[in-house]
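Chemist: test case, fold it:
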Amino acid sequence: MQTDTSARPQVQNPVALAAVLCGLGVIIGSLGPWLKVTLPLVGTVTVSGTDGNRDGLFTLVAGVLAVLIMAVIAVGSRESRSLGALTVVAGLLFLIVAGVVTYDWANLQRHISDMDEDSRHLVTAGWGLYLTGLTGAAGVLASFVTYSHLQAGAGPADELPVSTHVPGALPGE
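Modeler: Numbers count the residues shown, from 1 in each chain. From the prediction side, this is the model:
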């Protein structure tokens, strides 16, 4: 028995799909630990991005919005130049996420450096902070490449024309 796949959305832009995965990384990282503190007799205590300050909540919402936007673009028409504005919005969301995480990481490092030497090793950044920042930065790149493809009216990267001419390779150049 064959199933009808015509109703199922097909990925038209794999780079936009990569941006969707980056957005999922932002979501997971926002919920993960941003801070780890190891306390004698207590053990390790973690603080997620959504605990305490609102930065993790902000990155979580930005990640959800970026996923929704880039999912629409991933299954949208390759020739659609009108999706470019949405790609810019997603790219800006990813850029803001990367900026927020960079600020929080730098702030944490400043606080750690202010601690006495015996206590510095007890406080570290958690994997959630790193995942959120790295996938936010990767999302900026994926959004930029997606925007470039949409503006060129191109599909996947392997369909883009590649010049094989190397200046100076031919005699007389």
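
Chemist: CA atoms for contacts and neighbours, from now on please.
Modeler: OK.

Chemist: correct me, but Leu60 touches Ile27?
Modeler: Yes: between Leu60 and Ile27 there is a contact under C-alpha atoms under 8 Å: 5.0 Å.

Chemist: show me the shaky parts of this protein.
Modeler: Residue ranges of the chain with pLDDT under 70: 1-9, 11, 77-82, 153-173.

Chemist: chain center to the helix or strand Thr132 falls within, what's the gap?
Modeler: Per DSSP states H and E, Thr132 falls inside helix 127-152. Mean C-alpha position of helix 127-152 versus that of the full chain (C-alpha atoms, centre = their mean, to the nearest Å) differs by 4 Å.

Chemist: how many neighbours does Met70 have?
Modeler: Residues lying near Met70 (other C-alpha atoms under 10 Å) number 31.

Chemist: surely it is within a helix?
Modeler: Yes: counting by DSSP: H, G, I helix; E, B strand; the rest coil, Met70 falls inside a helix.

Chemist: mind listing what's buried in stretch 134-144?
Modeler: For stretch 134-144, the buried set under the neighbour-count rule, 16 or more other C-alpha atoms under 10 Å, comprises 134-144.

Chemist: quick one, longest helix in the chain?
Modeler: helix 84-114 (DSSP state H).

Chemist: now for it, which elements pack on it?
Modeler: Counting contacts by 3 or more C-alpha pairs under 8 Å, 6 or more residues apart in numbering; DSSP states H and E, helix 84-114 is packed against helix 55-75, strand 123-125, helix 127-152.

Chemist: quick one, which of those is nearest to Thr38?
Modeler: Nearest to Thr38 among these is strand 123-125 (6.6 Å), distances taken as C-alpha to C-alpha.

Chemist: which other residues reach that closest one?
Modeler: 33-38, 105, 108, 112 (C-alpha atoms under 8 Å, 6 or more residues apart in numbering).

Chemist: just the buried residues of those.
Modeler: Neighbour counting by 16+ other C-alpha under 10 Å classes 33-37, 105, 108, 112 among the contacts of strand 123-125 as buried.

Chemist: closest to Leu93 among these?
Modeler: Trp105 (18.3 Å).

Chemist: SS state for Thr38?
Modeler: strand.

Chemist: show me what contacts it?
Modeler: Taking C-alpha under 8 Å, 6+ apart as the criterion, Thr38 is in contact with 44-45, 122-123.

Chemist: by neighbours, which of those wins?
Modeler: Using other C-alpha under 10 Å as the neighbour criterion, Val123 leads the contacts of Thr38 with 20 neighbours.
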